[in-house]
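Novice: generate a structure from the sequence data that follows.
(chains A and B)
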Amino acid sequence: MILIKRVSMIMIVALLAISITSSGDNESHAFSQRILQKGATGDDVIELQSRLQYIGFYEGNIDGVFGWGTYWALRNFQKDFGLTVDGLAGPTTKQKLISVTNYDKQYVKRKIAAGEDVNYYGGAPRDGQTNQGGTQQGNQGGGGKEAAQPTSVNVPTGYSQNDIKLMANAVHGEARGEPYVGKVAVAAVIINRVVSSTFPNSVSGVIFEPRAFTAVSDGQIWLTPDESAKKAVMDAMNGWDPSGNALYYFNPNTATSDWIWSRPQIKEIGKHIFCK
Amino acid sequence: MIRWLLIAVLTVGITGTAVWGYQEHQEKNAILIQAENSYQRAFHDLTYQLNLLHDKIGTTLAMNSQKQLSPQLAEIWRLTSEAHNDVGQLPLALMPFNKTEEFLANIGEFSYRTAIRDLNKNPLKDDEVKLLEKLYEQSGSIKKQLRKVQYMVLNDNLRWMDVQLALATNEKSDNKIIDGFKTVEKNVEGYTEGDLGPTFTGASKDNHKYRNISGEDISEKQAKEKATDIFEVPKDAKVNITKSGKGADIPTYSVSYRSKGKNGYMDLSVQGGHPINVLVERNLKEPSISLYQSLEKAKSFLKKNKFDSMEPYQSSQYENIGVFGFLYVQDQVRIYPDSLQVKVALDNGDILGLSARNFLKNHQKRDIPEPSLSEEEAQEKVNPSVKIQESHLAIIENDLNEEVLCYEFLGTLGGSTYRIFINAEDGMEEKVEKLKEAEMNFATS
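Specialist: Numbers count the residues shown, from 1 in each chain, chains lettered A, B, ... in the order given. Below is the predicted model:
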């Protein structure tokens, strides 16, 4: 048994050595120049997570988004290796990481491209590594040169990607053709309603409240939203409210309700009047 | 021959159209019925919840033991929220029914506050009991009127789809349901907000005035100058300026410009010319600076505009923009109510936005007391399975919207990170939140 173990160990070490030499090209200019901090996304975050996982500090998914998990892993790494504990991946921290870990870029990238969960613990055998011959490399083709894409995205606290989509639909239906700020303001009204005690307490509840939004009633909500509607929704979710805390808005040319005119008006943006 | 053929074709055509039309009609009816049913369900649910609510408030009045009171109040809170949900499903959005909704919200707020309070230490005060009695009476009359409407609906077979139509066309028709709801609303209006007593002041987070606005009123011209100081206006752009209307929380100037490929917008308070909102929109290229570098840009922007002692507590990259949250820090205590956000373009480091509403609203000079508990004592109150990674002193707004001094612990449990606030005076666990991690990107996978 011991013999088998030892043989397999040797094999693993040998394979590791091969992989290091084969990806040696990447090693030399590892990491980008930029300092990484919490909230960052990108190719270099994938490398940071992989390296932290390699020495067992990071247990989460390698997804290319510098989240809380990565933050604690980095801090603990800095603490254990006697570096300044600031949660930033600067030049010194990166240097230290490079000197104590390995990073097989090809392997991680391939796993990400295949949509699989990436495990990159040092010492553990990696599947697919065994036939790390010319064939695998060949199959990679031009893809090898491209940077790996993060598989996750940052989303404003309290919301999901689906909320963003739904709200972007509503904003597009209600305010396309309006100036950008007008779109942010419409998105902010939706959020103000969610927060307000007199309206439903969820994004979907507010949007689908019968007769609340004309775009919902006449089906315009199902048009495909453009990029600026999405940007406007993100701004509103991140705390921008150009409407001045409004709960209603209307287009004075098309409004059919007399009641809406009785609301105290805050301001006019584009074609919409925003009110309390 | 040709004639017969023609007749045959026409017959087939007409029969086909008839069948198709009939099917369409059936389908439309089915959908109408379904929509009608969901309205009916929400409406009958609502009346049921209000019946129950009235009864529950009544029993609360009869109760004496605190052990029973708290769950009962929690139950009332639950009922108001369900009733609220039901109102939200009825097509009443553009109809004056908001007073009733407010009334529901107020009962909910009151019951929630008292339910979470330790009633053994802090029993119901006399004025609170009086308030409950009043709420009992009011909910009784709302119940009665809604029941009347309900009776009418059932007796005369009234349809909510007609309400929907009547509201959509804004006809001054005599729709019985609308009239009924108007009566309910009128009735609630009778209970002026003053009636609800001091318990409800500050029920909504945004109720108080802007505290951090000072200085002389500025003119439009000064506002324009100030705005161009804060954001760079392209030379070819025409600058617009408007003043806010009566409904605004605080009088503001809105300064905006549109130029080729770039728009800017800013709200400035008339008093003192403080920037409340800044938003710049343009097309963004690929990121060329790091989030870290853009944070430095955000910091120097704040410094330049006299927002001092602000420290970053949140940073996120959304493709080609960086968004940062800052907190005011006084004597190393993080003041959560005094927050502001800055948005930076990652292609060249331009400031794309500032949202300072919370800061201008909440910031004031505070006397921060010495904590009575030590950090170790506070830490003992935290769930022992949470591994604490970081700690601060912080002031937050608790569930009752009061500012309290807390120890803030950031810790991990399993794969998740939690933020836990322990009151630095009495060790109460004020707030526990699970912090958001990145979401899997469904667009790329």
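
Novice: for the residue nearest the centre of chain A, which non-adjacent residue is closest in space?
Specialist: Nearest to the geometric centre of chain A sits residue A:153, at 1.2 Å (C-alpha atoms, centre = their mean). Nearest residue to residue A:153 in three dimensions, chain neighbours excluded: residue B:441, at 4.6 Å (C-beta to C-beta, 6 or more residues apart in numbering or on different chains). All C-beta spots, glycine's among them, are computed from the backbone N, C-alpha and C.

Novice: what's the pLDDT at the one you found?
Specialist: Residue B:441 is assigned 72 on the pLDDT scale.

Novice: name all residues that make contact with it.
Specialist: Residue B:441 makes contacts with A:150, A:151, A:152, A:153, A:161, as judged by C-beta atoms under 8 Å, 6 or more residues apart in numbering or on different chains.

Novice: residue A:192 is in contact with residue A:247, correct?
Specialist: Yes: with contact defined as C-beta atoms under 8 Å, residue A:247 reaches residue A:192; the gap is 5.6 Å.

Novice: point me to the residue of the stretch 151-276 of chain A nearest chain B.
Specialist: Here the residue of the stretch 151-276 of chain A nearest chain B is residue A:264; by C-beta to the nearest C-beta that distance is 3.0 Å.

Novice: angles on the backbone of that residue, please.
Specialist: Per-residue torsions, residue A:264: phi -60, psi 130 (degrees, to the nearest 10).

Novice: state the pLDDT value of the residue nearest to it when sequence neighbours are not counted.
Specialist: Closest residue to residue A:264 apart from its sequence neighbours, by C-beta to C-beta, 6+ apart: residue B:247 at 3.0 Å. pLDDT recorded at residue B:247 is 82.

Novice: residue B:247 in helix, strand or coil?
Specialist: Three-state call for residue B:247 (DSSP: H, G, I helix; E, B strand; the rest coil): coil.

Novice: and the residue of the stretch 251-400 of chain B closest to chain A?
Specialist: Taking C-beta to the nearest C-beta, the stretch 251-400 of chain B has residue B:290 as its residue nearest chain A, at 3.4 Å.

Novice: just give me the neighbour total for the residue nearest to residue A:264.
Specialist: 19 (other C-beta atoms under 10 Å in any protein chain shown).

Novice: go on, the one 5 residues further on?
Specialist: Counted with other C-beta under 10 Å, residues neighbouring residue B:252 total 26.

Novice: same question, residue B:71
Specialist: As a burial measure, residue B:71 scores 10 neighbours (other C-beta under 10 Å).

Novice: buried residues of the host helix or strand of it, list them for me.
Specialist: In this structure, residue B:71 sits in helix B:66-89 according to DSSP states H and E. By neighbour count on 16 or more other C-beta atoms under 10 Å in any protein chain shown, the buried set for helix B:66-89 is B:69-70, B:72-73, B:75-89.

Novice: what sits against residue B:102?
Specialist: A:197, A:198, B:188.

Novice: which residue is the nearest non-sequential neighbour of the first one?
Specialist: In other words, residue A:197. residue B:105 (3.5 Å).

Novice: and the one you found, that one's in a strand?
Specialist: No: counting by three-state DSSP, one finds residue B:105 to be helix, located in no strand.

Novice: where along chain A do the strands fall?
Specialist: A:152-153, A:248-250, A:265-269, A:272-275 (DSSP state E).

Novice: pLDDT below threshold where in the chain?
Specialist: No chain specified, so I'll use chain A. Applying pLDDT under 70 to chain A flags the ranges A:1-30, A:115-117, A:122-148.

Novice: that's the wrong chain, I wanted chain B
Specialist: Looking at chain B by pLDDT under 70, you get B:64, B:93-96, B:170-174, B:190-207, B:442-445.

Novice: how's it carved up into domains?
Specialist: Domain segmentation of chain B under automatic domain parsing yields B:2-200, B:220-362, B:375-434.

Novice: of those, flag the one that's most buried.
Specialist: domain B:220-362 (a mean of 19; mean count of other C-beta atoms under 10 Å in any protein chain shown).

Novice: tell me what the helix holding residue B:71 is packed against?
Specialist: Packed against helix B:66-89 by the contact rule (3 or more C-beta pairs under 8 Å, 6 or more residues apart in numbering or on different chains; DSSP states H and E) you find helix B:2-62, helix B:98-116.

Novice: returning to that earlier point: could I get the contacts of residue B:102 as a markdown table with distance to residue A:77?
Specialist: A markdown table is the format used below for these (distance: C-beta to C-beta, whole Å):
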| residue | distance to residue A:77 |
| --- | --- |
| A:197 | 46 |
| A:198 | 49 |
| B:188 | 60 |
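
Novice: and stretch A:211-225 with chain B, contact?
Specialist: Yes: against chain B, stretch A:211-225 shows contacts by C-beta under 8 Å from any C-beta of the partner chain at A:211, A:212, A:217.

Novice: restricted to buried residues, select the residues you listed in ChimeraX.
Specialist: Under the burial definition 16+ other C-beta under 10 Å, those of those that qualify are selected in ChimeraX by:
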select /A:211,212,217
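
Novice: and of the residues of stretch A:211-225 next to chain B, the nearest to residue A:242?
Specialist: Nearest to residue A:242 out of these is residue A:212 (C-beta to C-beta; 20.2 Å).

Novice: right, and the closest one touches residue A:206 too?
Specialist: Yes: between residue A:212 and residue A:206 there is a contact under C-beta under 8 Å: 6.9 Å.

Novice: give me phi/psi at residue A:67?
Specialist: Torsion angles, degrees, to the nearest 10, at residue A:67: phi -100, psi -170.

Novice: how far away is it from residue A:154?
Specialist: Distance check for residue A:67 against residue A:154: by C-beta to C-beta, to the nearest Å, it reads 8 Å.

Novice: need the overlap of contacts for those two.
Specialist: Residues touching both residue A:67 and residue A:154 (C-beta under 8 Å, 6+ apart) are residue B:438.

Novice: re earlier: who touches both of residue A:247 and residue A:192?
Specialist: Joint contacts of residue A:247 and residue A:192 (C-beta under 8 Å, 6+ apart) do not exist.

Novice: okay, these two: which has more neighbours?
Specialist: Ranked by neighbour count (other C-beta under 10 Å), residue A:247 and residue A:192 place residue A:192 first, with 23 against 19.

Novice: dump the residue contacts of the more buried one.
Specialist: A:241, A:243, A:245, A:246, A:247.

Novice: gap between residue B:404 and residue B:342?
Specialist: For residue B:404, the distance to residue B:342 - C-beta to C-beta - is 27 Å.

Novice: ditto for residue B:244
Specialist: Distance of residue B:244 to residue B:342, given as C-beta to C-beta: 23 Å.

Novice: then residue B:301?
Specialist: 6 Å.

Novice: do the same with residue B:229
Specialist: 17 Å.

Novice: repeat for residue B:148
Specialist: Residue B:148 is 55 Å from residue B:342, by C-beta to C-beta.

Novice: out of everything not next to it in sequence, what's closest to the residue of the stretch 251-400 of chain B closest to chain A?
Specialist: Here the residue nearest residue B:290, using C-beta to C-beta, 6+ apart, is residue A:34, at 3.4 Å.

Novice: wait, that neighbour sits on residue B:294?
Specialist: No: contact criterion C-beta under 8 Å: residue A:34 and residue B:294 do not qualify, at 10.4 Å.

Novice: you'd agree residue B:256 is in a strand?
Specialist: Yes: assessed with three-state DSSP, residue B:256 lies in a strand.

Novice: same for the longest strand that chain B contains, what does it pack against?
Specialist: For chain B, the longest strand by residue count, based on DSSP E, is strand B:333-345. In terms of contacts (3+ C-beta pairs under 8 Å, 6+ apart), strand B:333-345 is packed against helix B:291-304, strand B:310-318, strand B:321-330, strand B:351-355, helix B:357-362, strand B:387-397, strand B:403-413.

Novice: again, only using 7 Å
Specialist: Judged by 3 or more C-beta pairs under 7 Å, 6 or more residues apart in numbering or on different chains; DSSP states H and E, the packing partners of strand B:333-345 are helix B:291-304, strand B:321-330, strand B:351-355, helix B:357-362, strand B:387-397.

Novice: many thanks, I have nothing further to ask.
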